[in-house]
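Novice: turn this into a model:
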Amino acid sequence: MPSHGGDFCAKIAFEDPAQCLETLSLQNSSFAPTIFTGQKLRGALFISHDERRTFESAQLILRGEIKNVIALSNGDSWIMKQPLVLMSCIKVAGGFQQISTDASHTAIYRTSFFFDIPEFILLPSSEDSSRQNLPPSMRVEKSISDDTRKSYSTTNTSICDISYHIEARVFTCGRQACSTSREVIILPASDIPAPLAPEDLKGEYQLFSSSSLGSLRKGHKGATVVVSSAEPRPLILPSKEGDIGSTELFLDFKTGVKSNASNDAAFLATQLSECEVSITLNAITYFSACKLTLIMSVAEAMQSPLVVLKTTKYEIGKRKLQLKEWRRGREIASGTSELAELEAAASIITVLPENFSRLPSFFSAYISRRYSFDLEITFGSKSGMALRKPIKLRIPVQVIHNPKEKCPDRLTEVDVEGDSKAPPYVS
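Specialist: Predicted coordinates:
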């Protein structure tokens, strides 16, 4: 909100200068502009005062901070606060442009400013300063009573709060005459990243799985169906309203029949001509009271009392897949008989749900977030043949804001007024 100090008032604006006549009211907007790392945050500072007074200078500050509150099982809390970014510039009165106004005895001045939003920051440590990614604006809450690892009677809540603000201070006669502050939302952007290494997070992903069908004929062993996948291309978050973020999942299917049983192969291909895939997108966020140097697995995060883990699930829905073309593959020796592989492939376009947050995948010193798809695959047929259990996969996916997809000419804005509704960047 704008601050009044006696005869002085200041306002920060991010609107286009051509549309700033409304700023003469000097009422701060309730919207927080969104800016990506690697871009310039541009704005204007307006100062109003009695025409009989003068000001000497104004200081503009970009300030960012992370605060983690870790609720402990004994009812205590571990609190960590860390500055993330601090930039400043000075504007002298002679550099302001006076704006004509009909208001009697009131003078209004305007000046432009900008800050380069860094992609990386240096965080001090006991040994040295380490280069870290600038984390996004976000707020995560996790009730300790929701933790399924243990049963607690307390309802303490762990919180991670990352916020960025532009502050303005107006000085006259060597003293601060007034000040104002306005929130900005910062989101990290990145180029297309390299694929993840699932083996680094042991047990977290399931890139292949199998299940068995009922027997083709009485007295014969049922066929085994194997489904495998791989990390898809990154899911690029849309930069324009109305655009849709999506990626494509590729699935490979395999089963086997006796090499000389062509009738069985044809029959099996018919039974496996259609399947249903249920898709869920998982967002895994964990934050810590201590500085993290390596990505943690879910199992590791759950074992640490100073790390809070929160999983958010987004239901994407169910898809029907047609597997019309089962191809004969390699021959496999199985005991005393020869088996022939049958192979099929399919892909699924997955679209982000409407309630998806705008937070990308990222890793930083005190908080990280990553995503995965959960797939549950079932087969069924008119003959009643079905898998004994669904085939389940967990596939990693990276979610990013890509610099080439961004629109740098105009800031998008998010309404952050009021406490009844959480802004979109809240997890």
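
Novice: can I get stretch 239-252 in PDB, CA atoms only?
Specialist: Written as PDB, here are the backbone C-alpha positions of stretch 239-252 (Å, rounded to 0.1, in the frame of the first residue of the first chain):
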ATOM      1  CA  SER A 239       2.900 -18.200 -21.000                       C
ATOM      2  CA  LYS A 240      -0.400 -16.900 -22.500                       C
ATOM      3  CA  GLU A 241      -3.900 -17.100 -21.100                       C
ATOM      4  CA  GLY A 242      -5.900 -19.700 -22.800                       C
ATOM      5  CA  ASP A 243      -2.800 -21.800 -23.900                       C
ATOM      6  CA  ILE A 244      -2.600 -25.400 -22.700                       C
ATOM      7  CA  GLY A 245       0.500 -27.100 -21.200                       C
ATOM      8  CA  SER A 246       1.000 -30.600 -22.300                       C
ATOM      9  CA  THR A 247       3.500 -33.400 -23.000                       C
ATOM     10  CA  GLU A 248       3.400 -36.900 -24.600                       C
ATOM     11  CA  LEU A 249       3.900 -40.100 -22.700                       C
ATOM     12  CA  PHE A 250       5.200 -43.100 -24.700                       C
ATOM     13  CA  LEU A 251       4.300 -46.600 -23.600                       C
ATOM     14  CA  ASP A 252       5.800 -49.900 -24.900                       C
END
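
Novice: tell me the confidence at residue 213?
Specialist: The confidence metric pLDDT takes the value 80 at residue 213.

Novice: likewise residue 290?
Specialist: 91.

Novice: hang on, it packs against residue 306?
Specialist: Yes: taking CB atoms under 8 Å as the definition, residue 290 is a contact partner of residue 306 at 5.6 Å. (Glycine included, C-beta is placed from N, CA and C.)

Novice: am I right that residue 239 is in contact with residue 401?
Specialist: Yes: proximity of residue 239 to residue 401 meets the contact threshold set by CB under 8 Å, at 7.4 Å.

Novice: between these two, which is the more surrounded one?
Specialist: Neighbours per residue (other CB atoms under 10 Å) separate residue 239 from residue 401, with residue 401 holding more: 22 against 18.

Novice: so what's that one closest to, chain neighbours aside?
Specialist: In space, and not counting its chain neighbours, residue 401 is closest to residue 189: 4.2 Å by CB to CB, 6 or more residues apart in numbering.

Novice: so the one you found is in which element?
Specialist: If you go by DSSP states H and E, residue 189 is not part of any helix or strand.

Novice: from residue 163, how far out is it?
Specialist: 19 Å (CB to CB, to the nearest Å).

Novice: more crowded one of these two?
Specialist: Per other CB under 10 Å, whichever of residue 189 and residue 163 has more neighbours is residue 189, with 21 against 18.

Novice: tell me the contacts of that one?
Specialist: Counting by CB atoms under 8 Å, 6 or more residues apart in numbering, residue 189 makes contact with 36-39, 119, 360, 400-403, 406.

Novice: what about the protein, any weak spots by pLDDT?
Specialist: 1-6, 15-30, 101-103, 124-129, 145-155, 214-221, 258-264, 332-337, 381-385, 403-427 (pLDDT under 70).

Novice: ok, residue 38 touching residue 133?
Specialist: No: look at residue 38 against residue 133 with CB under 8 Å: they stay out of range, at 11.5 Å.

Novice: distance of residue 327 relative to residue 275?
Specialist: Spatial separation of residue 327 from residue 275 under the definition CB to CB is 17 Å.

Novice: settle it for me: which of the two has more neighbours?
Specialist: Higher neighbour count among residue 327 and residue 275: residue 275, with 23 against 10, using other CB under 10 Å.
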